[in-house]
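# Got a predicted model here, sequence first, then my questions.
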Amino acid sequence: MNSLNTCLPDAWQDAVLLGRIDLGDGPTPVVIRNGRVEDLSRIAPTIADLLNSFTSSESIPTGIDLGLLHAMQLSPRSMQAASSRQPQLLTPTDLQCIKAAGVTFAASTLERVIEERARGDLAAAERIRQTLATRIGSELKSVRPGSEAASKLKTALIADGLWSQYLEVAIGPDAEVFTKAPVLSTVGWGDVIGVRADSHWNNPEPEVVLICDGQGRVRGATLGNDVNLRDFEGRSALLLGKAKDNNASCAMGPFIRLFDERFTLDTIRNAVIHLDIRGEDGFVLRGESSMQLMSRDPLELVGQTVGKHHQYPDGFALFLGTMFAPIQDRDVAGQGFTHKTGDRVRVTTPSLGSLENTVMHCDAVPPWTFGVSALMRNLTARGLLK
């Protein structure tokens, strides 16, 4: 695992970063400006409160100076860090709802259709992939969701017996937006990330995560890993909860970068997200997602997440989806990729830094015990709630 200092955004001293750390008394919101860490807990007890109270990075007041970030030696929230009482770096969100958009790239759309037709059978996927890629792959890339051309393509695919519920959200007017994880359940940089032990076909999903305040305004972004169990979801889309929401199956970090004149939504629209997986068996897999290839604009996805039908007073984090669906064989020819415990997963883009996590079975990860009621008790005991 690389040190946190090597996982920060390029030119991070010129960025405004938000995060959460635990110095021993509980989660503390911090801002990092000019290379220094400021404790904001007396200004806003949570990141959600902070983003709701201050509408720009420039308006955030000065907090208590904790020193240079490089000198803090922050460790991941892990069993080792908890026992040593070192300052811990937590996931950068707290009370925000964790939402995710799916099937937002043509490449991943095709893989979802393959999962569905293979019924979660990894061995059958390659044969189906070869058939479908030539038939619908290029057409998916050429149509705008909800357009007249998309409607005509839908009619043609139905006539050919190739229609799928995944194609409906890929090219239809309504995006797939679902709740990925409970509030406070996500893990951060350097922590372990979980997959079910009874899943035999799964993969990471490297993504950009937009951070929105309680009014639905996009305030910044971070990196995320929206782990997916392809065999579970392939058996039935109604198993999405088991495929997506498991112990430690959602990672974000290392920090939220707030938008300013140097870092804007256009930075995200033009970003390339890199993925690097290294197994204890010597296996290496690399991939990337170009955000320019998204089928829907990030603001459209935000608009379909929040509005008159859905409100999130504490804000929300929105995973934007990925085009990465690995098919490189790991052990057996024709059976593609799946995680093994001990895999080290690194999600990177220059403007946001690197998110690194190690894969474990989700029934063996450190238990999640610090929920909303525990946070409220902790903040009350520290005199931070007014």
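Arrived safely, thanks for sending.

# Residue 15 reaches residue 263, doesn't it?
Yes. Between residue 15 and residue 263 there is a contact at 6.4 Å, judged by CB atoms under 8 Å. All C-beta spots, glycine's among them, are computed from the backbone N, C-alpha and C.

# Give me the common contacts of these two.
Counting by CB atoms under 8 Å, 6 or more residues apart in numbering, the shared contacts of residue 15 and residue 263 are residue 257.

# Report the central residue of the protein.
Taking CA atoms, centre = their mean as the criterion, residue 224 is the residue nearest the geometric centre of the chain, at 2.6 Å.

# Just say helix, strand or coil for it.
Per DSSP: H, G, I helix; E, B strand; the rest coil, the secondary structure class of residue 224 is strand.

# Contacts only, for it.
Listed by CB under 8 Å, 6+ apart, the contact set of residue 224 reads 206, 207, 208, 209, 250, 251, 252, 317, 319, 347, 355.

# in the sheet, who's paired with residue 273?
Under DSSP bridges, the beta-bridge partners of residue 273 are residue 289.

# and it, what pLDDT?
Turning to residue 273, the model gives it a pLDDT of 96.

# Specify the beta-bridge partners of the residue nearest to the centre of the chain.
Bridge pairing for residue 224 - DSSP bridges - gives residue 207, residue 252.

# which helices and strands sit right next to the helix or strand containing residue 257?
Secondary structure from DSSP states H and E places residue 257 in strand 250-258. For strand 250-258, the packing partners by 3 or more CB pairs under 8 Å, 6 or more residues apart in numbering; DSSP states H and E come out as strand 17-22, strand 218-226, strand 353-361.

# tell me the residue furthest from the middle of this protein?
Most distant from the centre of the chain: residue 159, at 36.2 Å, with distances by CA atoms, centre = their mean.

# check contacts around it.
Contacts of residue 159 (CB under 8 Å, 6+ apart): none.

# in stretch 190-208, what counts as buried?
190-196, 199-208 (16 or more other CB atoms under 10 Å).

# right, I mislabeled it, should have said stretch 322-341
By neighbour count, with 16+ other CB under 10 Å as the criterion, the buried positions of stretch 322-341 are 322, 323, 324, 325, 326, 330, 335, 336, 337, 338, 339.

# any idea how far the spatially closest residue to the second one that is not a sequence neighbour lies from residue 325?
It refers to residue 323. Nearest non-adjacent residue to residue 323, counting by CB to CB, 6 or more residues apart in numbering: residue 105, 3.4 Å away. According to CB to CB, to the nearest Å, residue 105 stands 9 Å off from residue 325.

# Likewise for residue 288?
Counting by CB to CB, the separation of residue 288 from residue 325 is 12 Å.

# cool, residue 237 as well?
Look at residue 237 and residue 325: by CB to CB, they are 16 Å apart.

# and what of residue 76?
Taking CB to CB, one finds residue 76 at 27 Å from residue 325.

# quick check, residue 124 in a helix?
Yes. Counting by three-state DSSP, residue 124 is located in a helix.

# Tell me how many other residues crowd the residue nearest to it when sequence neighbours are not counted.
Spatially, and ignoring its direct neighbours in sequence, residue 124 is nearest to residue 118 (4.3 Å; CB to CB, 6+ apart). Neighbourhood size, residue 118 [other CB atoms under 10 Å]: 21.
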